[in-house]
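Participant: Whatever this is, show me its structure:
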Amino acid sequence: MVDISTAPQSPPIPTDGPWAVRTRRFGEVSKQVLRNPTTVAGLVIIVLLLAVAFLAPLLTTPNVPDPYQMPRDWGTRDAPPGTPGHLLGTTSTGGDVLYGVLWGARTSLQLSVIVVSITVTVGVIVGSLAGFIGGRLDEILMRIVDVFLSIPELIFALAIAAVLGPSFTNIIFALSVVFWVKYARIIRGQIIHIKQNDYVDAARVTGDSKFRIYLKDVLPNSITPVMVQATLDMGGIVLTAATLSFIGLAQAGLAEWGVLVSDGQAGISAGKWWASTFPGMMVFLWALAFNLVGDGLRDVLDPRTEGR
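Facilitator: Okay, the predicted model is just below:
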């Protein structure tokens with residue numbers, strides 16, 4: 001007679017739902033990301049920049065109806081750093097550099113979040129339609145994407161913003177028109193690859209609808225490269241926007257880093273370096289931080305980059 005108590009037991013069948021699996025995966029990815037010192041450095045810089053953006057209303061006392069417009073003090077133009085009331089000096093038009101740096105962080109955060117949200121949404125929708133449905137629709141959408149990709153991003157954004165006129169809203173619109181195509185291309189390629197897997201065929205055999213298969217099996221497994229690209233674009237978008245602002249495509253007096261650099265460029269040759277240097281450093285730190293974090297995420301989430 002067989003002793004049931006000593007018989008080998010089969011391993012328990014996992015009962016974790018999809019959310020539990022994804023939560024566990026998120027924890028594993030977080031641990032791997034935090035092991036990379038350059039990624040941690042990028043995260044620290046991002047946290048500091050976000051703190052500056054959120055605390056800008058508390059760190060400054062705007063005396064203008066629109067706090068995103070720099071207040072002017074025409075009596076202290078080109079004041080050097082350390083001037084009473086102007087810790088980082090003033091511009092040639094009397095704008096306070098510290099005010100512009102602090103509120104410029106807030107402007108940059110809003111810009112990058114809005115543009116990335118729009119471009120990811122539009123890109124994922126277009127790329128999903130092309131990759132999942134395929135056929136004639138895929139051909140038409142991808143030819144449209146190819147047309148957009150054939151034009152350099154900066155030149156395209158410059159042309160759109162110049163036609164619409166100097167406005168920060170127009171810069172947001174121009175960047176949204178330019179940046180969505182890369183997400184469409186990325187998500188389309190991922191979906192075409194993912195939908196050929198066996199588990200997608202199994203879901204189709206069990207009677208799941210195409211929409212359910214897309215939401216449950218295809219999209220969650222295709223979105224990782226989009227997340228990495230979005231992180232990288234958080235820095236690149238601010239850099240491009242600063243370039244457009246620098247050449248005069250944002251309204252004058254806006255508390256934005258590119259506008260500050262433009263205001264201070266004429267004084268550099270005369271030794272008045274502060275109006276351009278401090279906002280220029282902020283643009284550099286913003287772009288650097290998100291690139292460090294984006295590279296770290298790519299190394300962890302894309303095994304094909306391992307060892308490169």
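Participant: Any buried residues in the host helix or strand of residue 48, and which?
Facilitator: According to DSSP states H and E, residue 48 maps onto helix 37-59. Going by neighbour count (16 or more other C-beta atoms under 10 Å), the buried part of helix 37-59 is 39, 42, 43, 45, 46, 49, 52, 53, 56. C-beta coordinates here come from the backbone N, C-alpha and C atoms, glycine included.
Participant: quick one: which two of the residues you listed are the most distant?
Facilitator: 39 and 56 (26.3 Å; C-beta to C-beta).
Participant: which stretches of the stretch 151-300 of the chain aren't confidently modelled?
Facilitator: Along the stretch 151-300 of the chain, no part satisfies pLDDT under 70.
Participant: burial measure for the closest residue to residue 176 other than its chain neighbours, as a count.
Facilitator: Distance criterion C-beta to C-beta, 6 or more residues apart in numbering; nearest residue to residue 176, sequence neighbours excluded, is residue 118 at 4.4 Å. Look at residue 118: counted by other C-beta atoms under 10 Å, it has 17 neighbours.
Participant: again with residue 297
Facilitator: 24.
Participant: these two touch, right, it and residue 230?
Facilitator: No: shown here, residue 297 and residue 230 do not form a contact pair, counting by C-beta atoms under 8 Å, at 9.8 Å.
Participant: Now do the SS call for residue 245.
Facilitator: Three-state assignment for residue 245 (DSSP: H, G, I helix; E, B strand; the rest coil): helix.
Participant: list the contacts for it?
Facilitator: Neighbouring residues of residue 245 by C-beta atoms under 8 Å, 6 or more residues apart in numbering: 168, 171, 254, 256, 257, 258, 259, 262.
Participant: next one: residue 265
Facilitator: By C-beta under 8 Å, 6+ apart, the residues touching residue 265 are residue 276.
Participant: With residue 255 instead?
Facilitator: Contacts for residue 255 (C-beta under 8 Å, 6+ apart) come out as 67, 68, 69, 70, 99, 100, 102, 103, 104, 106, 107.
Participant: What helices and strands are in contact with the longest helix along the chain?
Facilitator: In the chain, assigned by DSSP state H, the helix with the most residues is helix 97-128. Helices and strands touching helix 97-128, by 3 or more C-beta pairs under 8 Å, 6 or more residues apart in numbering; DSSP states H and E, are helix 37-59, helix 168-194, helix 224-246, helix 257-264, helix 274-301.
Participant: Adding distance to residue 145, write those helices out as a markdown table.
Facilitator: Formatted as a markdown table, the helices and strands packed on helix 97-128 follow (distance: least, C-beta to C-beta, whole Å):
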| stretch | distance to residue 145 |
| --- | --- |
| helix 37-59 | 30 |
| helix 168-194 | 5 |
| helix 224-246 | 15 |
| helix 257-264 | 28 |
| helix 274-301 | 22 |
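Participant: so which of these is the most packed in?
Facilitator: The highest mean neighbour count among those, using mean count of other C-beta atoms under 10 Å, belongs to helix 257-264: a mean of 26.
Participant: Straight-line length of stretch 145-160, end to end?
Facilitator: One end of stretch 145-160 sits 17 Å from the other (C-alpha to C-alpha, to the nearest Å).
Participant: Tell me who's in contact with the closest residue to residue 255 other than its chain neighbours.
Facilitator: If the residues on either side of it in the chain are set aside, residue 255 comes closest to residue 103, at 3.6 Å by C-beta to C-beta, 6+ apart. Contact partners of residue 103, counting by C-beta under 8 Å, 6+ apart, are 56, 60, 62, 67, 68, 70, 255.
Participant: do residue 142 as well
Facilitator: Residues in contact with residue 142 (C-beta under 8 Å, 6+ apart) are 130, 185, 188.
Participant: Name the nearest of those relative to residue 113.
Facilitator: Distance to residue 113, by C-beta to C-beta, is smallest for residue 185 among the contacts of residue 142, at 22.3 Å.
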